[in-house]
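> generate coordinates for the sequence data below:
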Amino acid sequence: MSRPPHLALFSAVVLAVSTTPAWGHEAWLLTPEEIAKLSVTPVPALFTSTLVMGLSALLAASAVVLAMASERKILPLENRLLAPIADLAGEFGPLFIRIGLAIMLGLGALGCLPRNGTALWTQPVLFVPDMQLSLVPGFDWLAPIQFLTAILLALGLVTRAAAVVVVVMAIVGVAAFGTGFLSYAPHFVAPALILIAYGSGSFGMDRLPSLSVTLETTAWGRQMTWRIVMFLTGATFVYLGIAVKLIEPTLLMAILEHGKVPLFGVPLEVAALVMAMVEIVAGGLLAM
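Modelled structure (predicted):
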């Protein structure tokens, strides 16, 4: 019974160290000058057509109805297939979440998450590449706190307290960078809430007898936390899909061009519209 967890952990490590560079958010790949220019560039006619947008919304709604109708039939099969690992979720889920958070926080604090065109090790950021602490004087102290939090999360030491710090840093980030930080904050608050509810998971120092602290949440508390996490994650995807991809599709189109993403003959604006609708539908389903 011990082999599947070890195999899963080994596979995750192999995948993590063998990936090639990838680009995430619009503001990470594009320079501020490019973003400013693209923001005032007229959007393609596809995104201003009432007919096209109406049909897109109809197709998206149909996809939602189909997904909800299919869930009842697929769920029993899903439960059977995932039964062997279902009991491991409470142990290895928090482990992967805290390690993922630790990596992001640590790299950001050390300046190893630079936006495009910025040298490594030069610009500490809060959570994500375009939130450079040098842009908000007086908030440099966030970098060492972020790094210390990353170490605690990596070790699984006072995990719940470290997760609370992540939530506080997200709130401070909104105060420092303004409402633009709300595009990122929920995606860090959500995993932090999971750690607050479930603790460190496997291989955490919190489990050592000399360091263990009895602090368990109720089943109702974990269920409510899960619902809040799903809503935060999904609602943020919906917001980004509308506010960025639908309202300013030129940013997404520029990323597709910069990254030389293979579109297999699909027009650039059509690909951008499909990506926007997929993000909105997926986010809506998660939130619900």
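> distance from the chain centre to stretch 173-187, please.
Chain-centre distance of stretch 173-187: 13 Å, with C-alpha atoms, centre = their mean, to the nearest Å.
> span of that stretch from start to end?
13 Å (C-alpha to C-alpha, to the nearest Å).
> average pLDDT across that stretch?
Averaged across stretch 173-187, the pLDDT comes to 94.
> which helices and strands does the longest helix seen in the chain pack with?
Counting by DSSP state H, the longest helix found in the chain is helix 50-86. The helices and strands touching helix 50-86, judged by 3 or more C-beta pairs under 8 Å, 6 or more residues apart in numbering; DSSP states H and E, are helix 3-17, helix 268-287. Where you see a C-beta, it was placed from the backbone N, CA and C, and this is true even at glycine.
> and those, which one is worst for confidence?
Among those, helix 3-17 scores lowest, with a mean of 46.
> low-confidence ranges in this protein?
1-28, 209-215 (pLDDT under 70).
> for the residue nearest the centre of it, give me its contacts.
Nearest to the mean C-alpha position of the chain, by C-alpha atoms, centre = their mean, lies residue 187 at 4.6 Å. By C-beta atoms under 8 Å, 6 or more residues apart in numbering, the contact list for residue 187 reads 232, 233, 236.
> quick check: it is in a strand.
No - Residue 187 is assigned helix when assessed by DSSP: H, G, I helix; E, B strand; the rest coil, not a strand.
> from residue 273, how far off is it?
Counting by C-beta to C-beta, to the nearest Å, the gap from residue 187 to residue 273 is 23 Å.
> closest to residue 224 out of the contacts of residue 187?
residue 232 (12.6 Å; C-beta to C-beta).
> pretty sure the closest one is touching residue 192, no?
No - using C-beta atoms under 8 Å, residue 232 makes no contact with residue 192, being 10.3 Å away.
> can you give me the helices for the stretch 101-250 of the chain?
In the stretch 101-250 of the chain, the segments counted as helices under DSSP state H, counting those that start in this stretch are 142-155, 159-177, 185-198, 219-240, 249-258.
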